[in-house]
Structures are given as structure tokens and as C-alpha cells.
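Chemist: all I have is the shape, not the residue letters:
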């Protein structure tokens, strides 16, 4: 496994399920990290932010839906619930609270792998046909390695979810992008959770780009309308 492969964080209190998911994902080319309790999971996310979180709702130390909502507001990762709760209302609630997908137990590991791949592809089309590097304002964004590089050669990692937002901006520079357009391009349930998740991702991108939060020069907020990325972008 290499650092440029997407990282999936698995949170489930059943060791057999953690092992099953981890093995299937590693065989499919993903890196994984596993947790049996929410407290360990949250500490792990601070050490190494994942690209995707697989979250069971039946946790011994935390309400699963509350955790999903917090992740949607604070994390840059895609969130997929894996739960034995099969009622329609549970699925609706999970998606409304910010989950990107909902898989019901028992499941086929191949389906989980396919859902994760689909989620990581969503919003960026066929990656094989798109440039993996963009240059702008003294920065280089390497989407194949999830790295930002400044003009001094210093590297800063970004998550896949942050990369989705950055690519959206860089592919439409100097154009207004509304929240509705972002939701359509990036997926996820529309509403407060999606808006807050976008706010978090954009805030983190600004920090990594060295932006002044009170007066950003690259990613501008147009209140009530959306965002504009200001600058010239060169791909390839």
C-alpha cells in the first residue's frame, strides 16, 4: 500500500465485520484503518484524516447518528453508513444528517467496495481522461497524490473530499459556482449538513493555501450566491 491510495476508516464494534471489510478493501487497492469504539475512531481521524468513513450506527459508546452528523459538519471525508437498521426512516434520517450513502447489513463486501469507488468517482467523471495536475497562483495541485505544492517545494496533503471541491473550483475559474451547482456536482443530500460540510472543506482549503480568512484572495465567498475562484489555472 502507498500513501496515494485512498484511506478508508472503518468504525464497527464487531471485529469480524471490521476484518471482513478491511480485507476486501485492501484487496481492492484501498488503505484501511479500523476502530471498535467512537472515541478511538475520532482520535484516529485527527492523526490521519481518511477519504471515506464507514460508520456503524450501533456503537457501544456513542449515538451513531449523532456521530454521522458531526462528521458531516466537521470532516472532509465521504461518509457511508453500514447498519442493521433497515427501516426507511433510519435511512432517510442518516442521509438527512449528512451521510453520503447507506448500506444495510448483511452486505456483500463487493458491494461496499463498489459503493466506495462510485462515491470517490462522483463529481469528477472518468479520472483517466482528466489532468491530474493544475498550477495556479504559485501553487501546484497534484490530484493523483492529493498534494498541494507551493513555489518553494513545500508539500501539504489534502483529503479526497477537499480535492473534489478544489478541482471543481479549478475547472471553473473566475465563474460563480452556486451551492446548488456544488451539490449537483459533488453529490450528497442537500440541506444544512451539505452546506456546513462545504463550509468546512472550503475553510480547510483556504488554510492550506495560506489564505487570510477575513479577506481570501483565491476562494471568494459571494454571500447569498456561492463562491468564485479568482486566478488563472493551467492544467497538465
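Modeler: Thanks, I have it. All values reported here derive from a predicted model rather than from experimental measurement.
Chemist: pop the domain breakdown of this structure in here.
Modeler: 7-121, 127-235 (automatic domain parsing).
Chemist: export these to a markdown table and append columns for mean pLDDT and mean neighbour count.
Modeler: For every residue, glycine as well, the C-beta is placed using N, CA and C. Shown next, in a markdown table, are these (pLDDT from 0 to 100; neighbours: other Cβ atoms under 10 Å):
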| stretch | mean pLDDT | mean neighbour count |
| --- | --- | --- |
| domain 7-121 | 90 | 18 |
| domain 127-235 | 87 | 16 |
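Chemist: which residues touch residue 220?
Modeler: Residues near residue 220 by Cβ atoms under 8 Å, 6 or more residues apart in numbering: 227-230.
Chemist: beta partners of it?
Modeler: residue 228 (DSSP bridges).
Chemist: which residue ranges of this structure form strands?
Modeler: Using DSSP state E, the strands assigned to the chain run over residues 7-11, 31-35, 52-55, 78-83, 101-104, 133-136, 139-142, 147-149, 155-157, 176-177, 219-222, 226-229, 234-235.
Chemist: I'd like those strands as JSON lines, with distance to residue 20 appended.
Modeler: Converted to JSON lines, the strands of the chain look like this (distance: least, Cβ to Cβ, whole Å):
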{"stretch": "strand 7-11", "distance to residue 20": "10"}
{"stretch": "strand 31-35", "distance to residue 20": "11"}
{"stretch": "strand 52-55", "distance to residue 20": "11"}
{"stretch": "strand 78-83", "distance to residue 20": "11"}
{"stretch": "strand 101-104", "distance to residue 20": "13"}
{"stretch": "strand 133-136", "distance to residue 20": "36"}
{"stretch": "strand 139-142", "distance to residue 20": "33"}
{"stretch": "strand 147-149", "distance to residue 20": "32"}
{"stretch": "strand 155-157", "distance to residue 20": "29"}
{"stretch": "strand 176-177", "distance to residue 20": "40"}
{"stretch": "strand 219-222", "distance to residue 20": "40"}
{"stretch": "strand 226-229", "distance to residue 20": "40"}
{"stretch": "strand 234-235", "distance to residue 20": "40"}
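Chemist: what are the ranges of the helices in this structure?
Modeler: 15-27, 38-47, 64-74, 88-96, 109-121, 160-170, 179-186, 192-208 (DSSP state H).
Chemist: need the contact partners of the last one.
Modeler: I take that to be helix 192-208. Taking Cβ under 8 Å, 6+ apart as the rule, helix 192-208 contacts 69, 72-76, 96-98, 148, 156, 158, 161-162, 165-166, 179, 182-183, 186, 188, 213, 216, 218-219, 227.
Chemist: check the gap between residue 148 and residue 10 for me.
Modeler: As judged by Cβ to Cβ, to the nearest Å, residue 148 and residue 10 stand 27 Å apart.
Chemist: so which residue of the protein lies furthest out from the middle?
Modeler: residue 152 (27.5 Å; Cα atoms, centre = their mean).
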